[in-house]
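**Q** test case, fold it:
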Amino acid sequence: MVKDGGVVSEKRAAKNRIKINKMLNFDYTLLFIVVFILAFGFVMLYSTSAYAATLKKGDSLFYLKKQAFAAVLGFCGMAFLAKVDYRVWRPFTDLFYLIALGLCILVIFVGTNLNASSRWLNIAGVSVQPSEIAKVAVILYISHLIALYPKSQRKISGSIKILAVVFPIFAVVAYNNLSTAIIILGIAFIMVFIASPNYWKFAGLIGLGLLVVVFYISMAGYRAGRIDAWLHPEKYVTGTGFQILQGLYAIGSGGLFGKGLGESMQKNIVPEAQNDMIFSIICEELGVFGAVCVILLYILLLYRLLFIANHAKDMFGSFICIGIMSHIALQVILNIAVVTNSMPNTGVTLPLISYGGTSVSILLSEIGLALSVSKNMEFGERD
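**A** Numbering: from 1, shown residues only. Reported below is the predicted structural model:
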């Protein structure tokens, strides 16, 4: 009986050690950075949208309330996904992918039209953007495939096969939302690129990807118009170039330290300033100093995700973090590039700062997945 009792006590001690290790490994730094960026986003969202919300909705807190509701849902998703072992989801990654693909197809036929775009599904009175769900589904599915067939990534044919799996959802999303489709394809490309030791072979894939993007741009006249507006915004002062020019005026008038929080003039002129163009208002109110601080916060966020990826217990967890890191990095780069007119307007939000319910909820849930991976970090060789 003593021996049996000793075995039981040893098992309990082992379980307690595992629990303690998970508590110590849990990346509180990542959580703090995310909460800080989100809190900063709330401040800037209210500063940017209060006047417009009062005029359009009769409530200066309208956009802030909706963003806060989305954040609460996101934190619930984060808490749930952080608590559950991320490996539980691996057998269901193909199902998640098919559900996301089905939702993206459904939105084409029965989607809610907002701002001249049918990109949302109305579910129980809540607008949901399936393309945001598709990003998570792609991250999980690609992570599963890379972990399942790691040796196939040594050949370019293996990488092409995995990218081909993403093409159906890319094509469906691109029908209504080319910018989000490019991000989805970009996430998959970066994940496969990192998984492959033959980096130089990806030059041809990059060229093929550019051809695909050019093809989709040529399919719709308004996309080609965006290219011309990017090159010559002064020709479209009353049209698509108006937003670009007003955003540049906001950035230019901010100077080194800005006009002060809440003192922006352009926020009342830039169309939908609380969405894609919020970075221009950050530049106007907080100046170059504020803009650099925001970029540094994102760099810290990406560094923590990279750290977790490097110390993940297995390849599946590692590539989940790489996928999330790619998602955030692509959106930050594309948003800032658009706002500074370094590339054509693509309608990409600034993660955790721009107004967008589904985007905030999904991003916070993704962070929950990364936190789940961090709980199981190992500081030796991965399996």
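
**Q** now do the SS call for Leu98.
**A** Three-state call for Leu98 (DSSP: H, G, I helix; E, B strand; the rest coil): helix.

**Q** count of residues packed around it?
**A** Leu98 has 14 neighbours, counted by other CB atoms under 10 Å. To be clear about C-beta, it is placed using only N, CA and C from the backbone, and glycine gets the same treatment.

**Q** how about the one 3 residues further on?
**A** One way to gauge burial is a neighbour count; for Leu101, by other CB under 10 Å, it gives 18.

**Q** now it: which helix or strand?
**A** Using DSSP states H and E, Leu101 sits in helix 93-110.

**Q** now do that helix: which elements does it pack against?
**A** Here helix 93-110 touches strand 117-123, helix 130-148, helix 156-176, going by 3 or more CB pairs under 8 Å, 6 or more residues apart in numbering; DSSP states H and E.

**Q** run through who's touching that helix.
**A** Contacts of helix 93-110 from elsewhere in the structure, counted by CB atoms under 8 Å, 6 or more residues apart in numbering, are 89, 118-121, 130-131, 133-134, 136-138, 140-141, 143-144, 168-169, 172-173, 175-176.

**Q** among the residues you listed, which ones are buried?
**A** Burial by neighbour count, judged by 16 or more other CB atoms under 10 Å, picks out 89, 118-121, 130-131, 133-134, 136-138, 140-141, 143-144, 169, 172-173, 175-176 from the contacts of helix 93-110.

**Q** quick one: closest of the helices and strands packed on helix 93-110 to Met343.
**A** Checking those against Met343 by CB to CB gives helix 156-176 as the closest, at 17.2 Å.

**Q** in the closest one, what's buried?
**A** The neighbour-count check on helix 156-176 (16+ other CB under 10 Å) flags 156, 158-159, 162-163, 166, 169-170, 172-176 as buried.

**Q** repeat for stretch 98-117
**A** Neighbour-count burial for stretch 98-117, counted by 16+ other CB under 10 Å, picks out 100-101, 103-104, 107, 111.

**Q** give me the low-pLDDT residue ranges for the stretch 251-383 of the chain?
**A** Applying pLDDT under 70 to the stretch 251-383 of the chain picks out residues 379-383.

**Q** again with the stretch 51-200 of the chain
**A** For the stretch 51-200 of the chain, the stretches with pLDDT under 70 are 113-118, 124-125.

**Q** this protein: helices as residue ranges?
**A** With DSSP state H as the criterion, the chain has helices at 2-25, 28-57, 62-83, 93-110, 130-148, 156-176, 178-195, 202-219, 221-231, 240-254, 278-310, 315-339, 357-375.
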